[in-house]
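Participant: Sequence first, predicted coordinates after that:
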Amino acid sequence: MYSTKADMSTPFYRNIASGLTGGYGGLTPATTYYVKIKALNSSGADLTAYSAAVTAKTLPPMPAPPTGLKSISQTASYLTMGWNSVSGAVGYRLMYSTNSDMSAPFYRNIASGLTGGYGGLTPATTYYVKIKALNSAGADLTAYSAAVTAKTLVAPPAPPTGLKSTIQSTTTLTFSWGAVPNAPQYRLALSSKADMSAPTYATSSTTTGEVRGLLPATQYYAQVRALSATGAGITTYSTVAKAATAAMPVLPAITNPLSVASYNIRCATCIEGLPEEKSWADRRGAVVQTIVSKMPDIIGIQEASQTWLNDPRPGGYTQFEDLRDRLTAAGAQYKLTNSNRNNCVDSRLPANCVYADQGASAGTRIFYNAKTVKAVRSGSKLLPAASGATVPRFVAWAEVVQLSTGKHLIFADAHLEIGKDATSNDLRKRQAQAVLDTVESRNTSNLPVILVGDMNSNKWTEPANGPYDVLTSQGLVDSLGNTYKSWYPSGAATAEKVVNRRVNSWNGFERTVRQGAAGTNGTYIDYIFTSKMRVPYYENVAKIDALGNYVGTMPSDHNMQFARVGLP
């Protein structure tokens, strides 16, 4: 017998057929009830009178289940859920099932917070998930919420396999690995620590990659993963592979090195008002001093204009003649492989020119030190030009012999088209090919080749460093290894010691040095290319103080490039 009143008025009843427990539902929450009990006989009649009344109180109403249940992150094996808080809850229980009727469920208790999940799930599978709140005793504070669905992701492809080092130089490691189907790119991670901490990365669209700027004779550890086109990881990293850089070789000194240089000296009439720019008359002494300081055996000069200077001597006077004479006055016995001004019957004057190939090459000239080198033969070739071009561009070439060794070589000097657009890049490629064709046609004895010059193109030029690609693809070597869009030298670099490596070759008459970080190659438009030979020394010639500023009169808007080579 139940009643909400102590006198047991307006009672309601519940018969219990057997057992020693029973109850009544549909009661009012948070209400005290008075309850009595009596025993019945087999016919349902009273066996005893009612007992004395006892009291029992129903609990307060149960809070509503948590709301806002949703999947907030997914992997192939883990679903993380989020939900809104329930007042008084000290924990929550998630129920997962692969069946919509929630049969065969599994659970995850969440001690605190409003997110949690379950791992070890099946990839690409839909799960049904419910949640309820728990009280401090771990009992139900609410019923379960309605079920929501969440789906695990498709299992990622396996990481690349077969990672191994294929090339080891003193500062570069090159790796290869197996392809991951449909992977557009990969990321190679390299660390000097076995735990792969503080790695260096390289991205590649092929199954090979390299990392530069490393320490010689050092153990490194590598991993690789596949990436999407946007750079997101589509696999985990592979297992770790080990590789060591090569030790710095100990090479014998070259007994009779040949010294070579390339120098764009800025034409005398090219005055643009750049920051530290001076007239030819005010800076030519610095140009002479720069050349004399290194005294190269042979040097390719660009922009040594054949137009006349403001000079009173009869017959006129050109910039390249002025440089020759001033070098002589400074005690340097330099000669020109070709001193003709113009390719005319009368090479002295361009007016009323009757064409004759005199080997003249405008401002692109080759000087050689008569004490150390002898010119055997020389010439020039006019390079392809854009329609309407007013500046003729040449390659000058010479066969010379090194007097100390008797070894011959072909030396060439070129100045290619300026311009940052794709059309200019294509023209430079055609000019570079014409340079190679000219050299090859004159090099019938398969002599060593050195090509220098201002290529007006660098490793950051878009869409490509066209002339560099042409020249290096056909056997010439950039001794600095200044390959496209890489700060660090490639493993194919041949220069054994480099001074001012990080400094740009073009300075723009700016007092502050343009340069990259320590250990990197600067940006070069001036080059010294060689056929296969040793290059024990390379210098980007510049006077620079400790604060990173050029010192004294800036000779030109380009730095002279200087190298010593060992002729094979």
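Facilitator: The structure has been received and is ready for your questions. Residues are numbered from 1 along each chain as shown.
Participant: need the helices for the stretch 201-350 of the chain, in chain order.
Facilitator: 280-294, 319-329 (DSSP state H, counting those that start in this stretch).
Participant: Please convert these to a markdown table, extending it with mean neighbour count and mean pLDDT.
Facilitator: Every C-beta, even on glycine, is put in place using the N, C-alpha and C of the backbone. What follows is the helices of the stretch 201-350 of the chain, written out as a markdown table (neighbours: other C-beta atoms under 10 Å; pLDDT from 0 to 100):
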| stretch | mean neighbour count | mean pLDDT |
| --- | --- | --- |
| helix 280-294 | 18 | 96 |
| helix 319-329 | 19 | 95 |
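Participant: Turn those into CSV, including distance to residue 373.
Facilitator: Below are the helices of the stretch 201-350 of the chain laid out as CSV (distance: least, C-beta to C-beta, whole Å):
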stretch, distance to residue 373
helix 280-294, 14
helix 319-329, 14
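Participant: can you give me how far the helix or strand containing residue 411 is from the chain middle?
Facilitator: Assessed by DSSP states H and E, residue 411 sits inside strand 407-415. For strand 407-415, the distance from its own C-alpha centre to the chain's C-alpha centre is 35 Å (C-alpha atoms, centre = their mean, to the nearest Å).
Participant: which helices and strands sit right next to that strand?
Facilitator: Here strand 407-415 touches strand 258-264, strand 298-302, strand 365-369, strand 394-402, helix 422-442, strand 449-454, going by 3 or more C-beta pairs under 8 Å, 6 or more residues apart in numbering; DSSP states H and E.
Participant: Run me through the strand neighbours of that strand, direction for each.
Facilitator: strand 394-402 (antiparallel), strand 449-454 (parallel) (DSSP bridges).
Participant: just the angle between that strand and helix 422-442, please?
Facilitator: Strand 407-415 runs at 160 degrees relative to helix 422-442, counting by axes from the mean of the first three to the mean of the last three C-alpha atoms, to 10 degrees.
Participant: Let me see the mean pLDDT of strand 407-415.
Facilitator: Across strand 407-415, the average pLDDT comes to 98.
Participant: Let me have the strands paired with strand 407-415 in a markdown table, adding distance to residue 358 and mean neighbour count as columns.
Facilitator: A markdown table is the format used below for the strands paired with strand 407-415 (distance: least, C-beta to C-beta, whole Å; neighbours: other C-beta atoms under 10 Å):
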| stretch | distance to residue 358 | mean neighbour count |
| --- | --- | --- |
| strand 394-402 | 12 | 24 |
| strand 449-454 | 21 | 26 |
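Participant: do you know which of these lies nearest residue 71?
Facilitator: The closest of the strands paired with strand 407-415 to residue 71 is strand 449-454. By C-beta to C-beta, the value is 61.2 Å.
Participant: What's the mean pLDDT across that closest one?
Facilitator: The average pLDDT for strand 449-454 rounds to 98.
Participant: Domain boundaries for the chain, per the record?
Facilitator: According to automatic domain parsing, the chain comprises the domains 1-61, 70-151, 164-244, 258-566.
Participant: Tell me how many other residues crowd residue 310.
Facilitator: Residue 310: 9 surrounding residues under other C-beta atoms under 10 Å.
Participant: Check what pLDDT it gets.
Facilitator: Residue 310 is assigned 83 on the pLDDT scale.
Participant: wait, what's in contact with it?
Facilitator: For residue 310, no contacting residues are found, by C-beta atoms under 8 Å, 6 or more residues apart in numbering.
Participant: hmm, 10 Å instead?
Facilitator: 268, 279, 280, 281, 317 (C-beta atoms under 10 Å, 6 or more residues apart in numbering).
Participant: quick one: which of those is nearest residue 371?
Facilitator: Out of the contacts of residue 310, the member with the shortest distance to residue 371 (by C-beta to C-beta) is residue 317, at 25.3 Å.
Participant: and stretch 337-353, which residues are buried?
Facilitator: 337, 338, 340, 341, 342, 343, 344, 347 (16 or more other C-beta atoms under 10 Å).
Participant: okay, who's weakest in these by pLDDT?
Facilitator: Within the buried residues of stretch 337-353, lowest confidence goes to residue 347 (87).
Participant: which ones are touching the nearest residue to that one once chain neighbours are set aside?
Facilitator: In space, and not counting its chain neighbours, residue 347 is closest to residue 340: 4.0 Å by C-beta to C-beta, 6 or more residues apart in numbering. Counting by C-beta under 10 Å, 6+ apart, residue 340 touches 306, 347, 348, 356, 357, 358, 359, 360, 361, 380.
Participant: so where's the stretch 201-350 of the chain uncertain?
Facilitator: For the stretch 201-350 of the chain, no stretch is flagged by pLDDT under 70.
Participant: And for residue 373, the neighbour number?
Facilitator: 26.
Participant: Just the local confidence number for it, please.
Facilitator: 97.
Participant: partner residues bridging it?
Facilitator: Here residue 373, judged by DSSP bridges, has bridge partners residue 402.
Participant: Settle this for me: it is touching residue 295, isn't it.
Facilitator: No - counting by C-beta atoms under 10 Å, residue 373 does not reach residue 295; the two are 11.4 Å apart.
Participant: shared neighbours of those two, anything?
Facilitator: 259, 334.
Participant: Would you map the strands across the stretch 1-150 of the chain?
Facilitator: 2-3, 32-35, 54-57, 70-74, 79-82, 91-97, 106-110, 115-118, 126-134, 148-151 (DSSP state E, counting those that start in this stretch).
Participant: Out of these, which is closest to residue 158?
Facilitator: strand 70-74 (19.6 Å).
Participant: Pull out the buried positions in that closest one.
Facilitator: Applying 16+ other C-beta under 10 Å to strand 70-74 flags residue 71 as buried.
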